[in-house]
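S.K.: coordinates for the following, if possible.
(one chain, ligands or ions: 1)
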Amino acid sequence: MYSRLDVQTSAAKSFTDYSRWRLRVSDSGRHTWHYLQTEEEAENWPQNLVDKFWLGLDLACPTLPRAKNPLEAAQNGFAFYKNLQSHDGHFPGEYGGPMFLLPGLVIGSYISGMEFTIQERLEMIRYLMNRAHAVDGGWGIHVEGPSTVFGTGLNYTALRILGVEADHPLTTPVLFLTCHRWSHCDTIMGEILALAAQCLRLGSIFIAGNNPVPPELWLLPDWIPFHPHRWWIHTRTVYIPMSYLYGVRFTMPENELILALREELYPENYYSIHWPSQRNHVAAVDLYSPHSTLLDMLNGILGMYESCALPPLRQAAIAKAYELIVREDENTGYQTLGPVSKMFNQVARVHAEGVESEAFRKHREKRYDFMWMGAEGMMMCGTNGSQLWDIGFIAQALVETGLAELPENQNSLLKVLEWLEDAQILDNPKHYESSYRHGTKGAWGFSTKEQGYVVSDCTGEGLKAVLYLQKNLNFTPQLVSDRRIYDAVDLLLTLQNSGGGFASYEPIRGPRWLELLNPAEVFGDIMIEYNYPECTTSVITSLSIFRQHYPDYRVADIEYVTPQDPKPPLTSPYNRRTIRNAIKYLHGCQQPEGGWVGSWGICFTYAMQFALESLALVGETYGTSEASRRACDFLIRKQREDGGWGESYKSCEISQWVEHENTQVVQTCWAAMALMYAKYPYPQPLERAVALVMARQLPDGSWAQEAIEGIFNKTCAIAYPNFKFSFPIWMLGKAHKYLEELKRTHSR
Ligand code: LAN
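M.R.: Residues are numbered from 1 along each chain as shown. Take a look at the predicted model:
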């Protein structure tokens, strides 16, 4: 425990002075929050609207003239949203939702001897208080999910480390915990929990109390089908430091807090627990993907190997894992791929190099990139932000709706282009093949250039945004050269899978059966990459827009020439190889009822706007294609009385539509966009959707935050709060034109 803190019990009270917090935006979109200690500092660095908005303070924006049509509503929307554009051109935002990240930050910092300021500690406590469920005092895997053993065990431990006493009213989750045993979650997440427990010495897991995480897998030859370099990048990037820490049997020395937690967290006497028999015990509430028999058998064998692991082999494996950790840190400016690997890498580096090292200093510095100060307190974000993702959508929305050309918006658009130019990754990673990385030259990643990972759809959306800004507007310079645009296209072409679809960070590297080795009982589909309709669409739409402007570049690779028909007309979209294969993939994954299941947004409405955009690209619309018609009919069946759509994150868990109790503005926009892409011929459903989104617009042009928008790995929801601006603006502007066009054709 840092020092004991006397904290208020009411989460509503603010713990620090909110007028003192500032978001610093530096280095190509980097976000760090700062608490100004003195009146004088605060005067020299005034709070701006971006700070105030994300802190939940009143912006006092004026009431705008009431919109008389959808375009005016879109205009009002951007009149507000422009206030949230940062000086460097991008739109910062909170990226919270998962409830297992803040404990990682706190526990990882604690065991690596890294301090927090008192204000950070207070605000993290406040966040946890605000997020504890009133019914049972626990926390779930994400902010909207029910309490789980995993979420509660981690967050309780975090609170105690942050300085909250065991007799504080907030610590009632212990009651919840006594019904389940948290150390008995055995998942990659459970492994994480168990490893955290082990580092803190809360469970004697190395006496075969949890399943092995051997570093030796890194010594296998690369061609082996289950070599970790074939795993999904997030899984393997977390596995690397975990296997290192497991290999070196890392533990933190016992202290008073650790001894106390042993008492508090376990329903029975900690010292009498028989750990080996608890290995595969998981509370029902946590369980999503039960272990396969194959995995249990393998764990058994690896468990036996642990008792006779050859020391030289183990040493070599530990050395290899450490090498990979260092390379990952260096490739990403010490942020690593994501927040979980970030904290594990930090612990591993500090273990190996100590608190006086350069690695310690750099890890401490980059911890701040994930720490976000929000209206409910301080959280740990899912990545170091969603900078590129947010700017990519709003840029396209503004160009497509014509709002970009309004004189009052032009400056803002120029800034957007400058930011996008700066965000493109110009080279492959420093340690490239040696850290099993895919190339990155020409890429746009999800957040910032420094994080440095290519994501297929982020490169697709980034490329589209640049093409829209540079080619469709007459007031923008060409900041991104043709060569750099070709680099992006070259990279995208390396990412297609043989089935025609696109995955997230890399082409699929491992066999499907590897999923049988998924150790994470709380997540689904995490062992390898998969094709996603969303990623596939972003890539093929961007390639197709690219082709309109650069018809001669790599024609043979983008176009399809069959041996039987060596000279098909180049204008036929079906002849585009990449696109054609992708469409085939999309047809293959449409559900019989007509929908597509979303993997990164909730859920059908999200995936369907992408899928129907793709189909439209090859001329498949409501009037011409059975697939498109089936999809539109599915959406129309789901439209609610009030004109909107609303589905729960639970849709993603079961791949079946689950209604949300409330209609959601963002999902209504996705559904309406999907219908427009499909050229749905009847205006009424769209008019009703538009009316709902306009009715929910607030007098200052903004929209209120509704349910969480995103998802990953089937079960964990994640927030995209900027979507409530970009998609309504886009949908309303698009619907304005679309409905007018429909009227014109009907009156002809
Ligand atoms: C993200 C966020 C963005 C998302 C899209 C670009 C939307 C998607 O189309 C492709 C996949 C990607 C890049 C994605 C992958 C998984 C991430 C990185 C996340 C959902 C954000 C957080 C999540 C990561 C796995 C969380 C860390 C947790 C672990 C258990 C390792």
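S.K.: shouldn't W444 be in contact with C458?
M.R.: Yes. Between W444 and C458 there is a contact under CB atoms under 8 Å: 5.1 Å. All C-beta atoms are positioned from the backbone trio N, CA, C, and that covers glycine.
S.K.: which neighbours do these two have in common?
M.R.: L388, G392 (CB atoms under 8 Å, 6 or more residues apart in numbering).
S.K.: higher neighbour count, these two?
M.R.: Set side by side, W444 and C458 show more neighbours around W444, with 30 against 25, by other CB atoms under 10 Å.
S.K.: what helix or strand is the spatially closest residue to that one that is not a sequence neighbour on?
M.R.: In space, W444 comes closest to G462 once its chain neighbours are excluded; the distance is 3.0 Å by CB to CB, 6 or more residues apart in numbering. Using DSSP states H and E, G462 sits in helix 456-472.
S.K.: now do that helix: distance to the chain's middle.
M.R.: From the chain centre to the centre of helix 456-472 is a distance of 20 Å (CA atoms, centre = their mean, to the nearest Å).
S.K.: for stretch 442-449, same thing?
M.R.: Counting by CA atoms, centre = their mean, stretch 442-449 comes out at 14 Å from the chain centroid.
S.K.: can you tell me the helix or strand for L23?
M.R.: strand 21-26.
S.K.: list the helices and strands that strand packs on?
M.R.: Here strand 21-26 touches strand 30-35, helix 49-55, going by 3 or more CB pairs under 8 Å, 6 or more residues apart in numbering; DSSP states H and E.
S.K.: make CSV out of the ones you listed and add mean pLDDT and distance to the ligand.
M.R.: Output for the helices and strands packed on strand 21-26, formatted as CSV (pLDDT from 0 to 100; distance: least, CB to the nearest ligand atom, whole Å):
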stretch, mean pLDDT, distance to the ligand
strand 30-35, 97, 15
helix 49-55, 98, 18
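S.K.: quick one, which of those is packed in tightest?
M.R.: Here the criterion is mean neighbour count by mean count of other CB atoms under 10 Å, and of the helices and strands packed on strand 21-26 the winner is strand 30-35, at a mean of 21.
S.K.: what pairs with that one, parallel or antiparallel?
M.R.: strand 21-26 (antiparallel) (DSSP bridges).
S.K.: okay, buried residues for the strand it pairs with please.
M.R.: W21, R22, L23, V25 (16 or more other CB atoms under 10 Å).
S.K.: from these, which two are the most distant?
M.R.: The largest separation in these, counting by CB to CB, is between W21 and V25 at 13.8 Å.
S.K.: ok, L495 touching S456?
M.R.: Yes. The pair L495 / S456 is scored as a contact, 4.9 Å apart, by CB under 8 Å.
S.K.: can you check which residues contact both of the two?
M.R.: Contacts common to L495 and S456, judged by CB under 8 Å, 6+ apart, are F502, A503, V539.
S.K.: next step: the residues you listed restricted to helices.
M.R.: Applying DSSP state H to the shared contacts of L495 and S456, the entries found in helices are V539.
S.K.: ok, so of the shared contacts of L495 and S456, who is nearest the ligand?
M.R.: A503 (8.5 Å; CB to the nearest ligand atom).
S.K.: got the contact list for the closest residue to the closest one other than its chain neighbours?
M.R.: In space, A503 comes closest to E529 once its chain neighbours are excluded; the distance is 3.6 Å by CB to CB, 6+ apart. Counting by CB under 8 Å, 6+ apart, E529 touches W232, I233, N497, A503, S504, Y505, E506, P507, I508, R509, G510.
S.K.: now E529: which helix or strand?
M.R.: Applying DSSP H and E, one finds E529 in no helix or strand.
S.K.: please renumber the chain so that the first residue is 721 from this point on.
M.R.: Okay, using 721 as the starting number, the last item reads as E1249.
S.K.: so how far is C1372 from it?
M.R.: Distance from E1249 to C1372, counting by CB to CB, to the nearest Å: 18 Å.
S.K.: over to G1453?
M.R.: 28 Å.
S.K.: of the two, who's got more company?
M.R.: Higher neighbour count among G1453 and C1372: C1372, with 29 against 25, using other CB under 10 Å.
S.K.: list the buried residues for the one helix or strand that one maps to?
M.R.: Here C1372 sits within helix 1370-1374, counting by DSSP H and E. Neighbour counts over helix 1370-1374 (16+ other CB under 10 Å) mark K1370, S1371, C1372, E1373 as buried.
S.K.: around the ligand, pick out the residues from the stretch 1021-1170 of the chain.
M.R.: Residues of the stretch 1021-1170 of the chain lying close to the ligand by CB under 6 Å from any ligand atom are G1058, P1059, V1060, G1102, T1103, W1109, F1166.
S.K.: and the furthest pair within the residues you listed?
M.R.: Checking those with CB to CB, the most distant pair is V1060 and W1109, at 19.4 Å.
S.K.: one step back: with neighbour numbers in mind, choose between L1215 and S1176.
M.R.: Neighbour count, other CB under 10 Å: between L1215 and S1176, S1176 has more, with 29 against 25.
S.K.: quick check: the gap between the more buried one and the ligand.
M.R.: Counting by CB to the nearest ligand atom, to the nearest Å, the gap from S1176 to the ligand is 8 Å.
S.K.: check P941 too.
M.R.: Distance from P941 to the ligand, by CB to the nearest ligand atom: 26 Å.
S.K.: that residue and H947 touch, don't they?
M.R.: Yes. With contact defined as CB under 8 Å, P941 counts as touching H947 (7.2 Å).
S.K.: of those two, which one has the most company?
M.R.: Between P941 and H947, counting by other CB under 10 Å, H947 is the more crowded of the two (18 against 6).
S.K.: quick revisit: output the helix or strand that the helix holding G1182 is followed by as CSV, nothing but the C-alphas.
M.R.: Counting by DSSP H and E, the element after helix 1176-1192 in chain order, helix or strand, is helix 1202-1213. Presented in CSV, the C-alpha positions along helix 1202-1213 are these (Å, rounded to 0.1, in the frame of the first residue of the first chain):
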residue,chain,number,x,y,z
ASP,A,1202,1.7,10.0,-54.3
ARG,A,1203,4.7,7.9,-53.2
ARG,A,1204,3.4,7.7,-49.6
ILE,A,1205,-0.1,6.9,-50.9
TYR,A,1206,1.4,4.0,-52.9
ASP,A,1207,3.2,2.8,-49.7
ALA,A,1208,-0.1,2.6,-48.0
VAL,A,1209,-1.6,0.6,-50.9
ASP,A,1210,1.4,-1.7,-51.1
LEU,A,1211,1.0,-2.4,-47.4
LEU,A,1212,-2.7,-3.1,-47.6
LEU,A,1213,-2.2,-5.5,-50.4
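S.K.: how about helix 1202-1213, does it get close to the ligand?
M.R.: No. Helix 1202-1213 stays out of contact with the ligand when judged by CB under 6 Å from any ligand atom, the minimum separation being 13.9 Å.
S.K.: which secondary structure elements does that helix sit against?
M.R.: Against helix 1202-1213 (3+ CB pairs under 8 Å, 6+ apart) you get helix 1176-1192, helix 1253-1269.
S.K.: tilt between the first one and helix 1202-1213?
M.R.: With axes from the mean of the first three to the mean of the last three CA atoms, to 10 degrees as the criterion, the two stretches helix 1176-1192 and helix 1202-1213 enclose an angle of 150 degrees.
S.K.: dump helix 1176-1192 to PDB, restricted to CA.
M.R.: C-alpha atoms of helix 1176-1192 as PDB (Å, rounded to 0.1, in the frame of the first residue of the first chain):
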ATOM      1  CA  SER A1176      -5.700  -3.000 -41.700                       C
ATOM      2  CA  ASP A1177      -8.800  -0.900 -41.300                       C
ATOM      3  CA  CYS A1178      -7.000   2.000 -39.700                       C
ATOM      4  CA  THR A1179      -4.800   2.200 -42.700                       C
ATOM      5  CA  GLY A1180      -7.900   1.900 -44.900                       C
ATOM      6  CA  GLU A1181      -9.800   4.700 -43.100                       C
ATOM      7  CA  GLY A1182      -6.600   6.900 -42.900                       C
ATOM      8  CA  LEU A1183      -6.000   6.500 -46.600                       C
ATOM      9  CA  LYS A1184      -9.600   7.200 -47.500                       C
ATOM     10  CA  ALA A1185      -9.600  10.300 -45.300                       C
ATOM     11  CA  VAL A1186      -6.500  11.600 -46.900                       C
ATOM     12  CA  LEU A1187      -7.800  10.900 -50.400                       C
ATOM     13  CA  TYR A1188     -11.100  12.700 -49.600                       C
ATOM     14  CA  LEU A1189      -9.300  15.700 -48.200                       C
ATOM     15  CA  GLN A1190      -6.700  16.000 -50.900                       C
ATOM     16  CA  LYS A1191      -8.800  15.100 -53.900                       C
ATOM     17  CA  ASN A1192     -12.300  16.300 -53.200                       C
END
